[in-house]
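*Asks:* Here you go, sequence then predicted model.
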Amino acid sequence: MKNRILYTLQLADNALIYGHRLSEWCGHGPVLEQDIALTNISLDFLGQARGFYQHAANLFNALPLAEKQGMFLSVALEEKVKKGENIDEDDLAYLRDGWDFRNLLITEQPNGDWATTVARAFYFDTFNHLYYTQLQKSNDLQLAAVAEKSLKEVTYHKRWSSEWVIRLGDGTQESHEKMQAALNDLWPFTGEMFRMTDVEQEMADGKTGVDAAALHSQWKQDIVSIIDEATLQLPEGTRLQDGGKDVRHSEHLGYILAELQFIQRAYPGMEW
């Protein structure tokens, strides 16, 4: 059960951190239409995060006390466990510390310019579409339900980012160069999406999770078709980065959590 909780938290963390990153574009988009589009996409990811976090909380609350203790490094969460209190989705989002988060490194990378945001979305959205398609088959009915509900949103996300890659890549010389540079810069973070951890492998073997490694070939085929149409080049030969799934993060996650968790940390228990 512990690994099922950790697996669910990994899915939730991806959605929360990436959704928060996209929300930073609110009020700063290049044009009003795309400002609204990215804000709505960020809300989609926050909705996915809620579904996964609440499921993880329910699984955690059902554990015997002895199995709950020590699962999180967060002092605040451990205090709640010692008191015998249940946790909820907000506790998992706001009270865990950076060394408890399992999100992919690509989701925490800065927005950069418009091309950088598009490239990050393109890589991650294409992966998400394949991943959620398979997660619908999970024998964990709640995971399958979140995936099924989210797939319509993710399908739109993939179309949105792909269209922008084509628009920028096959646009002006400047937009072409910026789009190629962004694809090159973010390419090292794509390998982690397909590297299976022990937790993921156990979940995949048990038909609860997805074999991400098996998605790589289709993912690459999908992105190559868009990159070719955009008259761009597929980045190759770059050393790939990982660590997020193993709770080893870039410095960017700390800044995200400082902003995301500030109110709850400063005023514990506050509710809207």
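*Replies:* Structure's in. What do you need?
*Asks:* all contacts plus neighbour counts: C-alpha atoms, from now on.
*Replies:* Fine.
*Asks:* so who does the closest residue to Y94 other than its chain neighbours touch?
*Replies:* Sequence neighbours aside, Q261 is the residue nearest to Y94 in space, at 5.1 Å (criterion: Cα to Cα, 6 or more residues apart in numbering). The contact partners of Q261, by Cα atoms under 8 Å, 6 or more residues apart in numbering, come to A93, Y94, L95.
*Asks:* Can you name the helix or strand that the first one falls in?
*Replies:* Remark: A93 resides in helix 89-94, with elements defined by DSSP states H and E.
*Asks:* can you give me how far that helix is from the chain middle?
*Replies:* 16 Å (Cα atoms, centre = their mean, to the nearest Å).
*Asks:* Now that Q233 has come up, it's in contact with I226, right?
*Replies:* No - between Q233 and I226 there is no contact under Cα atoms under 8 Å: 10.3 Å.
*Asks:* who has more neighbours, those two?
*Replies:* I226 (18 against 13; other Cα atoms under 10 Å).
*Asks:* can you pull the buried residues of the helix or strand that one falls within?
*Replies:* Assigned by DSSP H and E, I226 falls within helix 216-229. Of all the residues in helix 216-229, those buried under the rule 16 or more other Cα atoms under 10 Å are H216, W219, D222, I223, I226, I227.
*Asks:* Check what pLDDT the fourth one gets.
*Replies:* As summarised for this prediction, I223 has a pLDDT of 98.
*Asks:* ok, so what distance separates it from S161?
*Replies:* Here I223 is placed at a distance of 11 Å from S161 (Cα to Cα, to the nearest Å).
*Asks:* hey, what's in contact with both of these two?
*Replies:* F122.
*Asks:* Any idea how many residues pack against the closest residue to F101 other than its chain neighbours?
*Replies:* Once flanking residues are discounted, F101 sits nearest to V247: 5.8 Å by Cα to Cα, 6+ apart. Look at V247: counted by other Cα under 10 Å, it has 17 neighbours.
*Asks:* Likewise for D91?
*Replies:* Neighbour tally, D91, other Cα under 10 Å: 18.
*Asks:* Secondary structure element for the residue nearest to it when sequence neighbours are not counted, which one?
*Replies:* Of all residues not flanking D91 in the chain, L77 sits nearest, at 7.3 Å (Cα to Cα, 6+ apart). Using DSSP H and E, L77 maps to helix 75-82.
*Asks:* Distance from that helix to the middle of the chain?
*Replies:* With Cα atoms, centre = their mean, you get 26 Å for helix 75-82.
*Asks:* show me where the stretch 151-272 of the chain has helices.
*Replies:* Counting by DSSP state H, counting those that start in this stretch, one finds helices in the stretch 151-272 of the chain at the ranges 173-186, 198-205, 216-229, 252-260, 262-266.
*Asks:* Check these for me and report the most buried one.
*Replies:* helix 173-186 (a mean of 18; mean count of other Cα atoms under 10 Å).
*Asks:* for the record, mean pLDDT for that one?
*Replies:* Averaging pLDDT residue by residue across helix 173-186 gives 97.
*Asks:* again, but for stretch 131-150
*Replies:* 97.
*Asks:* ok, residues contacting that stretch?
*Replies:* Residues contacting stretch 131-150 (Cα under 8 Å, 6+ apart): 8, 44, 48, 51-52, 55, 151, 207-210, 212, 215.
*Asks:* Near Y131, how many other residues are there?
*Replies:* Quick note: Y131 (other Cα under 10 Å) scores 21 neighbours.
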